[in-house]
Every structure is written in structure tokens, then in C-alpha cells.
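Undergrad: generate a structure from the sequence data that follows.
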Amino acid sequence: GGMVLNYVQFAPGQADTGWVITADRIYGTYDAGMSWEVQYQATGGLELWSVFPLSGLSAFVVGDGGKILSTSNAGQLWQQQTPAAISYNFGIFFRNSSLGWIAGDLGNIMKTTTGGSNWQLKNSLTSNRLYDIFFIDDLEGWAVGRNGTIIHSVDGGENWQIQSSGTTSRLYGVYFLNPDTGFAVGWDGQVRRTLNGGSNWTAISVPLNNYFYDIDFIDSQNGIIVGWGGSCLKTVNGGSSWTTEQNILQSDAYGVDFVDAQNIWVSGDGLLARNQGFGTTWQSQIQNLPDATLNNIVATKTGTVAPDQYYIICAHYDDMPSGPVAPGADDNASGTSAVLEMARILKNAPLKKSVMFIAFSAEEVGLVGSYWAAYNLVNQGASVEFMLNFDMIGYADDSYNDIVLFSGPFTAYAGLMAAAAPRVTSLIPFFG
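TA: Numbering: from 1, shown residues only. Got it, this is the predicted structure:
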């Protein structure tokens, strides 16, 4: 939860320059996402939905209330354009600096041949909300939306025909590899494919039945689909088959940009993540946004004999609630409470070595808080002898009177804890 990043896109062929948008802000980066700046702040409660870069200097953003913003100087100034209709604008696509289209509410399709200085409303033959639009060349394009809507144009978006998608599920993303082969993705695990320009659409079997929101390809063979719950599918054979890729930090993903072979970016609900290499793990980047405040809470009890040697007692305090009842009570208010209680008990105890009590932030979006804590300790040259982490300690199957210790190959301290357990609890320790 928290900050929702609706879409992320980098300039074509440029891994350094890109934009990500929230409901009311446009962020820009010029250093491959190492840092971001706020370039635009919307007012009036109208949400921004999509961004489309034409180059490292030029980009468009669309949103509610007919919002069409453009920049020609890498985002230093965003200017409002005059829409052909005041409605919700969701999808945008440009073929070049002059020719572009916007898809939105009530089946609205707007077209410009003047780089956005003038927009014209076209008849799409549907009143369904349209979420995404894609043109394979200057003449042929598709748009997708609610109730399984797919529409097709062969005259540059002047006129549209309805195609039969074979589903009534919402379709949120569309992408074509060539005039014949294309894909539409959406809710209820829908991945539809056509091999004849949309005359026929058929369902592709995928390993996840999830809500999918976006699709992108880097070339004719390698593509990616993202959706709710961090779901991620990839193909290496042009979309003939899809496999489950590394989950994207357990967060709902709404936008994906396959920048190049070494950079995939994803945005979503509390999510801005990067994958450096097709098939490796995702790393959260949301901490690099200027107003994404993620604070670790640290308290240190200094040792009397060896103050530069540390024991660490820790837990993460952020949560990912999945329902309205006691969100985060086990994961991980339970662990956070244990850290607080140990700090209370030990606050006046004479200790030879230092103890650092840490409550980590942003564990659920990619171990961000613990990463930075470890990074800082290494940079400081700190000597850490032992770390005790509490995670989800408040719930267990009542048929087992146990406490589970996870130690990996480092069993010495875990063994000491197991041996000491009978002194303070009737729970039976065992190693997980």
C-alpha cells in the first residue's frame, strides 16, 4: 500500500532518462533511477494515468478531466494541451513527434497529427472505457478496454472496427510484434493472442490466473507481463508460451517497461522496482523517490567492555495487510513487539558488548530497510557477532507447542537459544 505509481516508462533506447507517475505527480530521472525529481504536481484531485516518452527530451502524460501534459525539455516544464473531449484519458501512443493517439473513457479516441497542439475526436464504435492503445505503423492500430473490448483501425485511427476478443473480462494492455501477431492482457488471467491481425483472438494458457495489467517486449522473442500480487510472466519464444518469473516483491504491478536486455522497470501499488537481467531478482527502487519516506528505527545500548562489537535484535515493522481484520498483527507486529520487549528488559542490564535494536521499514517491498542497515554497518566497519530477527512469531498451528528457529548453516547461537528455551518457556524449540 501507500504510494501508488501508475506507470513507468523510459525514453526509447535510453536507460538513463525516464518518468514515473503517481495520481498527482510526475517524477523524472536522468541517472537510470538512482535519483528522481518531482517535475509536476497536479491539483484538483484529477489522477494521472499514463506516460509516453518520445525521446529523452519529449514526453506526454495523460489523466483524468481531459488532462494532456507535454514536455519538450526533459520534464523541466510540463504544459497542458487542449483535449478534444473532457474525459478520463488512460492510454497514449505516439509513432513520431507529430502523430499520436489517446484512448479513454466512453470509447473516446483522440488523434493528433501536430504533436499535440491540436487533438481530434474519432468514432471508435464503442462506448466502453478504453485503457490502452498501440499502433504497429502509422496506419494500423488497436485499443483495448472493458468488457473484453478490442477495436482495430487501418487508416491511422480515423475509423475503427470492433474485433471479437473471445472474453468479457477487462483488457488493460495491448502489444503487437508485427501486423499479424499481437497480445491483449487483462483480468481473470486473460492473455489473448492473434496471429492474423485480430481477425481471430484465442486464449493462451498461462501458469497464473491473475489480474494482468501490462505487457511489453524487448524484441520479437522476449516479453513480460505483470499484474496483481507481484505476478510476472515471461516468454522467450515470441509469446507462444509463458512461464512464471520471479515475483515482483509481492506488490500489485500496473506498468512495465522492458528498457533493454539489462533493465526492466515495473511500477505499481507501493512499487517501483528494477530487474537487471531477464530472469534475475527484482530490487526495490522506491526509496530513491524524494518523498518516499522509509525510516528504520534504531536504538543502541552501548557495551561497557567492547562497545564496538554488536549484537543485533531486529524485526520489520511494515506490513502487507490482506484483509480488514487485524492487518499485520502477526506479520509483523508480533516481531516488532518482541524487539520492544527485549529492549525494555535489557535497558538497565549491564552488558559487555553493544546491542542494537532495529525496526526495519520496507521489508515487504524487497528487504529495503534491512539492506540499508547492513550497508551502513559494513561502511562503518562495525563488528556484528550475532543477529536475532523476529518475523511472524505470533501465530502457529495450535496442535504444535513449538518455536521454530531458522539459522541456516550458522547453528551455534541457535543451539544456545534452543538450550536456554526451557528456562523461560514451555515451547519446544526445533530448527526450520
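
Undergrad: how far is the strand or helix carrying Y413 from where the chain is centred?
TA: According to DSSP states H and E, Y413 maps onto helix 412-420. Counting by C-alpha atoms, centre = their mean, to the nearest Å, helix 412-420 is centred 39 Å from the centre of its parent chain.

Undergrad: could I get it in PDB with only the CA atoms?
TA: This file holds the C-alpha atoms of helix 412-420, laid out as PDB (Å, rounded to 0.1, in the frame of the first residue of the first chain):
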ATOM      1  CA  ALA A 412      26.000 -22.200  17.200                       C
ATOM      2  CA  TYR A 413      23.800 -19.300  18.500                       C
ATOM      3  CA  ALA A 414      20.600 -21.100  17.500                       C
ATOM      4  CA  GLY A 415      21.800 -24.100  19.600                       C
ATOM      5  CA  LEU A 416      22.400 -21.800  22.600                       C
ATOM      6  CA  MET A 417      18.900 -20.400  22.200                       C
ATOM      7  CA  ALA A 418      17.400 -23.900  22.000                       C
ATOM      8  CA  ALA A 419      19.200 -24.900  25.100                       C
ATOM      9  CA  ALA A 420      18.100 -21.900  27.000                       C
END
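
Undergrad: so what does that helix touch, helix or strand wise?
TA: strand 383-389, strand 402-405, strand 428-431 (3 or more C-beta pairs under 8 Å, 6 or more residues apart in numbering; DSSP states H and E). All C-beta atoms are positioned from the backbone trio N, CA, C, and that covers glycine.

Undergrad: who's in contact with the longest one?
TA: Applying C-beta atoms under 8 Å, 6 or more residues apart in numbering, the contact partners of strand 383-389 are 308-315, 335, 353, 377, 413, 417.

Undergrad: so which of these sit within helices?
TA: Among those, the members found in helices (DSSP state H) are G335, L377, Y413, M417.

Undergrad: and the first one, what does it touch?
TA: Counting by C-beta under 8 Å, 6+ apart, G335 makes contact with A315, H316, N389, F390, D391, M392, I393.

Undergrad: what separation do you get for the third one and L416?
TA: The gap separating N389 from L416 is 16 Å, by C-beta to C-beta, to the nearest Å.

Undergrad: ok so, going back, and the ones in helices among the contacts of strand 383-389, which two are furthest apart?
TA: Greatest spacing in the ones in helices among the contacts of strand 383-389, by C-beta to C-beta: L377 and M417 (22.0 Å).

Undergrad: out of these two, which sits in the more crowded spot?
TA: Set side by side, L377 and M417 show more neighbours around L377, with 17 against 13, by other C-beta atoms under 10 Å.

Undergrad: what about burial for the contacts of G335, which qualify?
TA: Among these, those classed as buried by neighbour count (16 or more other C-beta atoms under 10 Å) are A315, H316, N389, F390, D391, I393.

Undergrad: so which of those is the closest to A59?
TA: A59 lies nearest to H316 out of the buried ones among the contacts of G335, by C-beta to C-beta, at 36.0 Å.

Undergrad: buried ones in the longest strand seen in the chain?
TA: The single longest strand within the chain, with elements called by DSSP state E, is strand 306-316. Buried residues in strand 306-316, counted by 16+ other C-beta under 10 Å: Y310, Y311, I312, I313, C314, A315, H316.

Undergrad: give me the sheet partners of that strand and which way each runs.
TA: Sheet partners assigned to strand 306-316 using DSSP bridges are listed as strand 353-360 (parallel), strand 383-389 (parallel).
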